[in-house]
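need a 3D model of the sequence below.
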Amino acid sequence: MKPRTKPAGPQTHAPEPLGVPTRRAAIKLLDAVLRRGESLEAALPAATRMVHGPDRGLAHAIAAETLRRLPDLDAAIDGATERPLPDDAKARTALRIALVQALVLGTPPHAAISTVLPLVDGGPRKLVHGVFGTLMRANILLPEIPALPPLVEARWEAAWGEAMVEAAAEAIAAPPPLDITLADPDATEEWRGRLGGESLAPGHLRLVDHDPVPEMAGYTDGAWWVQDLAATIPARMLGKGDGVALDLCAAPGGKTMQLAAAGWQTVAIDSSQGRIKRLRENLFRTRLKAEVVRADVLLWSPEEPADAILIDAPCSATGIFRRHPDVLHRVRPSMVAELAELQTRILNRAADWVKPGGVMVFATCSLEQEEGERQLERFLVARRDFAVEPVDTASLPAGVTARAEGYVRTLPTMLAEKGRLDGFFAVKLRRA
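Predicted structure coming up:
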């Protein structure tokens, strides 16, 4: 009779050294952006599944700063290796995140490299350790003004000129200020006295030094919400109203809250369950009222035409590169073309929902003319019943003016001495 053997129990692995799971998560984030073209925010939940709390934030910070400085990091690495490493090589990725920690985030060099080496197998480990040591001994510094990816630089220079490219590089070098929108524009001076900062438009404050947002006065009470100044322009163009306004692609709700605060009977439509949840939470916190509809605007239709429609259309989001540096590396011309086609479909469909004499604002947070100026040109040819409505300059932030054609285009060159602006396109159209 054979002796009975104990069934094998679950295999256990020795825990990884402290800090290594966070760096592993950062590498997963970079892979998601650079290999699969995902946005950093979309990739965050899966990539950071095994880390929590502050470690999750650190993984995001490492990945974001790596993307912000990628061309300069690669130039440093290539200058210290005999042969260029493949873009997707483990050694290059490991060196990128070790260097960005030591040179940008202030991590002690020994900690930056020791938490990365366990993620590199075999021979590359020696290579990574050697190249990192060489660069540290050379006391290298990254340029004060980061280099933009060559393809982005060429595209933007062709569209906007060399000065804009230089401004974009300067913009990404510094953390953007915090812009907040007040629910009651008449209380602007009161809140400036309480929170400090500078007001560049009624109902706006721009802060450089501030406490964590949830701890700031007025946040819990719903007196204001965080919203980039450029992002407030589309709703500002509609102004005050008492009719029905549709906010298409509405979540997370900054523009919905602007419309509701301005008196519009607001209907907010968005297809994302997660983003709708955030929109409802924002409305609850600010005590502003809007009807919220979860639907695809290409399939949904209102029961009757609206007095006003605001379309903050899905786009490449290259205009918000300061806060989302992943767009500099994952957005390609083919993606811009696909999104422009989607915008055209939404725009033409929504145009039929505007009452005769009503208005529609079309906006994108993009620096690509295909998603702004060219989109407008195509629409005006297709829909002769619409015309550009001149912008009331009093509705625009200080330092922002409409173009001669009637639309508003914000660029990183604007308000340079006051913290700059994100890139936006917005136009107000009136139906005959």
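
list the contacts of the nearest residue in space to E405 that is not next to it in sequence.
Among residues not flanking E405 along the chain, V388 sits closest, at 6.8 Å (C-beta to C-beta, 6 or more residues apart in numbering). Where C-beta positions appear, they are placed from N, C-alpha and C, glycine not excepted. Counting by C-beta atoms under 8 Å, 6 or more residues apart in numbering, V388 touches L376, L380, E405, G406, Y407, V427, K428, L429.

could you redo the last one with a cut-off of 10 Å?
V388 makes contacts with L376, F379, L380, A402, R403, E405, G406, Y407, V427, K428, L429, R430, as judged by C-beta atoms under 10 Å, 6 or more residues apart in numbering.

for ChimeraX, write the select line for the buried members of those residues.
Of those, the buried ones go into a single ChimeraX selection, burial set by 16 or more other C-beta atoms under 10 Å:
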select :376,379,402,407,427,428,429,430
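
export the contacts of V388 to CSV and tack on distance to T66 and pLDDT?
Shown next, in CSV, are these (distance: C-beta to C-beta, whole Å; pLDDT from 0 to 100):
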residue, distance to T66, pLDDT
L376, 36, 98
F379, 39, 98
L380, 42, 97
A402, 38, 94
R403, 36, 95
E405, 39, 94
G406, 41, 95
Y407, 35, 97
V427, 36, 98
K428, 40, 98
L429, 41, 98
R430, 46, 98
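
for the contacts of V388, which one is nearest G222?
Using C-beta to C-beta, K428 is the member of those that lies nearest G222, at 28.2 Å.

give the partner strands of the helix or strand hosting the closest one in its sheet and their orientations.
K428 belongs to strand 424-431 when assigned by DSSP states H and E. Sheet pairing for strand 424-431, assigned by DSSP bridges, gives strand 354-364 (antiparallel), strand 386-388 (antiparallel), strand 408-410 (antiparallel).

as CSV, those strands with mean pLDDT and distance to L259 would be great.
Listed next are those as CSV, based on pLDDT from 0 to 100; distance: least, C-beta to C-beta, whole Å:
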stretch, mean pLDDT, distance to L259
strand 354-364, 98, 10
strand 386-388, 98, 20
strand 408-410, 97, 17
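
can you say which of those strands is packed in most?
strand 408-410 (a mean of 24; mean count of other C-beta atoms under 10 Å).

what does that strand rub up against?
The contact list for strand 408-410, computed with C-beta under 10 Å, 6+ apart, reads 160, 228-231, 233-234, 236-237, 319, 361, 363, 365, 367, 369, 372-373, 391, 395-397, 399-403, 420-428.
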